[in-house]
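Trainee: This is a predicted model, with the sequence first.
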Protein chains: 2
Amino acid sequence: MHSLLILSRRAADYHRLVGAAQLPDLAITSTTDAEEARARAGEYDVMLGEPSLFRHVLPAMTALRWAQATWAGVEPLLDPSLRRDYILTNARGVFGGLMSEYVFAYLLAHERRIFEKHASQVAGRWNATPPGTLRGKQIGLLGVGSIGGALARTAKHFGMRVRGYTRASEGCPDVDVYFHGDSRVAFATNLDYLVSVVPTTAGTRHIVDAALLGALPPHAIFINPGRGSVVDEPALAAALTDGRLAGAVLDVFQQEPLPPGHVFWRTPNLLITSHTAALSAPEDIAPVFIENYRRLLRREPLLHQVDFELGY
Amino acid sequence: MHSLLILSRRAADYHRLVGAAQLPDLAITSTTDAEEARARAGEYDVMLGEPSLFRHVLPAMTALRWAQATWAGVEPLLDPSLRRDYILTNARGVFGGLMSEYVFAYLLAHERRIFEKHASQVAGRWNATPPGTLRGKQIGLLGVGSIGGALARTAKHFGMRVRGYTRASEGCPDVDVYFHGDSRVAFATNLDYLVSVVPTTAGTRHIVDAALLGALPPHAIFINPGRGSVVDEPALAAALTDGRLAGAVLDVFQQEPLPPGHVFWRTPNLLITSHTAALSAPEDIAPVFIENYRRLLRREPLLHQVDFELGY
């Protein structure tokens, strides 16, 4: 018999979805409250939940064997002071569609001058300024995992040229050219759009720095639906303020919610989307848990295991 | 020997592109000015140009054998008072990509709440309201020619369900269900998005009327990048004003530019894009002319011939 703790703001949805699967040998407890979960934490050997809540219960989960995170990012669980004597799996392969919608919403809004057209309309002015097009434009993907691959596929659908920057992998058929290691500047040269979807690791911290931003053409747009830690925020604010970069769309930040006094609230040509690019939907994540539970019962390797050293 | 008149606001671009093809037995004259063109109009047997300019020269073009329009819409040439004793070909199969960019720019802007997020940002407010998604939503295409087919393909890329309303054709593999004839209301029921890309014909005039709009759910959005004549404009303004329709994005109108006093300038939840959805690019249209000229020399049927009675 296994004992599952569901700890999530969407606990009721997860309980319903996992319960409907009628998994064998599984007792389910669910709560939205980390305090409440802590009371009986020693009883659970399986966990499904949000890393930010889960981290508070983790020290008391003495019987824990496996935890399925509902997020892609597991930073709250990587603190070296926390236990690592369990299998941690994250959510992967389910965010590509939403991330494509997010990124291409803003790419198309830029090309089609959506805000400018609207401002003209408010002024009662017929504005026949020709729009741009994505066709033939060049997009650079910092990171080509399952999300980067989905972005590359959508970019190809719209006739774009696609560059990828990865540690070593070159497996995506929709990426035209790959860059690695110290070829960051060559990667950024002549990009129309730069999109960061790399995870937080030691190697990606502040990878979007003054040098990378300086290699982009001044008409380029930077979009970050990935991780806030990859951006040197003062360098980005300076590039936008000085007009060395045409625009940025940021979903994630080093501190969230973005503090009231942060320079980004008054940086020109910057759009802030408040960490909503690809919210975990229980309908997407529950099947990942269910598949992994069945693997656990069959003593097969679980999908999407996190390497605590690599951080993803 | 053939004698070509190019009459377009982009005359220089067309002259350069057609000239570069080094077509045999072809003398090229180009101008942006219909008055100037009229002076020697009797000399030309071939024409390449914009229907709105071309119509003024047409009566004087006594030797005209074939005219290639740079637009998809040829309404200016369908006036029954004008000659029809020549072959008219239009631009087809080149607008699907741009139309997809236009339509999906606004669908994604709606789902991702782009304007709402921006208003929050201007107010210094972190707005984590969850966005919507195109996945699983239902789009209805009024008209499934080459543009409708391109829209259906993009809709499928984003995981949407696709309905098509056509006179009779059912040839597009990306349309899930077809509707014809008097099943307009059934077609509109339960649509999340309605997009009109039908040409102007007797059968499509005011096809988007109070009955069709009334069949849409109140959360639906109507997008018209096609022809202004298909819309009963007062009925659309009333539906938006009364909240029976969530929004509309209009590129085309019965009168353009939209007159200053028009009700649409003060209709809520309406976006006006000033006939820029898919502007003819000489780089796209010149190859159509070049291919057709080669067919003319080989005495083969020309592509994209307009039926003056059908109107497309």
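Mentor: That came in fine, so what should we check first? Numbers count the residues shown, from 1 in each chain, chains lettered A, B, ... in the order given.
Trainee: out of everything not next to it in sequence, what's closest to the closest residue to chain B within the stretch 201-312 of chain A?
Mentor: Residue nearest to chain B within the stretch 201-312 of chain A: A:Pro257 (3.8 Å; CB to the nearest CB). Where C-beta positions appear, they are placed from N, C-alpha and C, glycine not excepted. Of all residues not flanking A:Pro257 in the chain, B:Trp126 sits nearest, at 3.8 Å (CB to CB, 6 or more residues apart in numbering or on different chains).
Trainee: Would you mind confirming that that neighbour is in contact with A:Leu258?
Mentor: Yes. Applying CB atoms under 8 Å, one finds B:Trp126 in contact with A:Leu258, separated by 6.0 Å.
Trainee: how about the residue nearest to A:Pro257, what does it touch?
Mentor: A:256-258, A:272, A:274, B:120 (CB atoms under 8 Å, 6 or more residues apart in numbering or on different chains).
Trainee: Return the distance of it relative to A:Leu141.
Mentor: 27 Å (CB to CB, to the nearest Å).
Trainee: Please report the number of neighbouring residues for the residue nearest to A:Ala21 when sequence neighbours are not counted.
Mentor: In space, and not counting its chain neighbours, A:Ala21 is closest to A:Ile290: 4.8 Å by CB to CB, 6+ apart. Around A:Ile290 there are 17 other residues, counting by other CB atoms under 10 Å in any protein chain shown.
Trainee: Confirm that A:Ala168 sits in a strand.
Mentor: No. Going by DSSP: H, G, I helix; E, B strand; the rest coil, the assignment for A:Ala168 is coil, not a strand.
Trainee: A:Phe179 versus that one, what's the distance?
Mentor: 11 Å.
Trainee: likewise A:Asp79?
Mentor: 32 Å.
Trainee: Next: A:Arg65.
Mentor: Distance from A:Arg65 to A:Phe179, by CB to CB: 40 Å.
Trainee: Find residues that contact each of B:Trp126 and A:Leu258.
Mentor: A:272, A:274.
Trainee: what's the helix or strand of chain A with the lowest mean pLDDT packed up against?
Mentor: Sorting the helices and strands of chain A by mean pLDDT, DSSP states H and E puts helix A:34-39 at the bottom, at a mean of 92. Judged by 3 or more CB pairs under 8 Å, 6 or more residues apart in numbering or on different chains; DSSP states H and E, the packing partners of helix A:34-39 are strand A:2-7, helix A:51-57.
Trainee: For the stretch 151-300 of chain A, what lies in contact range of chain B?
Mentor: A:154, A:157-159, A:256-258, A:260, A:265, A:271-276, A:279 (CB under 8 Å from any CB of the partner chain).
Trainee: so what are the domain limits for chain A?
Mentor: A:2-93+A:280-297, A:96-272 (automatic domain parsing).
Trainee: Who does A:Gly140 form a beta bridge with?
Mentor: A:Arg163, A:Leu194 (DSSP bridges).
Trainee: That one: what's it in contact with?
Mentor: Here A:Gly140 is in contact with A:163-165, A:187-188, A:191, A:193-195 (CB under 8 Å, 6+ apart).
Trainee: repeat that for 10 Å
Mentor: A:161-165, A:175, A:177, A:179, A:184, A:187-196, A:212, A:216, A:220, A:222 (CB atoms under 10 Å, 6 or more residues apart in numbering or on different chains).
Trainee: Not counting residues beside it along the chain, what's closest to A:Trp65?
Mentor: Careful, residue A:65 is Arg; it's not Trp. Nearest one to A:Arg65, counting by CB to CB, 6+ apart, is A:Asp45 at 4.6 Å.
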